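> Fold the following, please.
(one chain, ligands or ions: 1)
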Amino acid sequence: MAVAEELIDSHLDDPSGSGYHILVAEVDSTVEGYICYGPTPLTDGTWDIYWLAVSQQKQGQGIGGTLMKSAEEKIVKAKGRLSIIETSSTPAYEKTRNFHVSHGYEIVASIPDFYAPGDDRLILQKRLR
Ligand SMILES: CC(C)(COP(=O)(O)OP(=O)(O)OC[C@H]1O[C@@H](n2cnc3c(N)ncnc32)[C@H](O)[C@@H]1OP(=O)(O)O)[C@@H](O)C(=O)NCCC(=O)NCCS
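Below is the predicted model of the structure:
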């Protein structure tokens, strides 16, 4: 949470210069999800989706998909061409992986035992144009 908050603070301190873009999903004036993304430094048109989360009680209702689509539209408008997401290989993240794959992402690399022994770092990409 501390790392996630750090990126939100960077955005709030300098919305246009921080390199972190944030979209928030509100339901009845309550924040129920957010996505944090930004251009990957030293690349030409590659963007990272850094964080995507929906509150537990609101998951499975389309909020994550809407956040993802909105971010991708904004990335394309900013001339982005490639979107990258990283996640864990553990069974706890199976639904998350399914979510990414159903949104057109494919696993292009993995780093074995990256997060912990038996917990690989999966790198997924989607060509946006
Ligand atoms: C992954 C996540 C952002 C998806 O958001 P969401 O609002 O639940 O997703 P949507 O309602 O738009 O889409 C639902 C689809 O996502 C998948 N999914 C992923 N996590 C899910 C969950 N906890 N509950 C229901 N569906 C989930 C399912 O495959 C589902 O597909 P289906 O409708 O064919 O069953 C959200 O579940 C979440 O915050 N999970 C915990 C944090 C996380 O893993 N973040 C990503 C880190 S890389």
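> residues contacting the residue of the chain found nearest the ligand?
Nearest residue of the chain to the ligand (Cβ to the nearest ligand atom) works out as Gly64 at 2.0 Å. Placement of C-beta: from N, CA and C, glycine included. Contacts for Gly64 (Cβ atoms under 8 Å, 6 or more residues apart in numbering) come out as Gly33, Leu52, Val54, Phe99.
> doesn't Val54 make contact with the first one?
Right, Gly33. Yes. Between Gly33 and Val54 there is a contact at 3.8 Å, judged by Cβ atoms under 8 Å.
> Identify the contacts common to the two.
In contact with both Gly33 and Val54: Ala25, Ile63, Gly64, Leu67, using Cβ under 8 Å, 6+ apart.
> In contact with the closest residue in space to the first one that isn't next to it in sequence, which residues?
Computed as Cβ to Cβ, 6 or more residues apart in numbering, the closest residue to Ala25 that is not its neighbour in sequence is Gly33, at 4.1 Å. With contact set as Cβ under 8 Å, 6+ apart, Gly33 has these partners: Val24, Ala25, Leu52, Ala53, Val54, Ser55, Lys58, Ile63, Gly64, Leu67.
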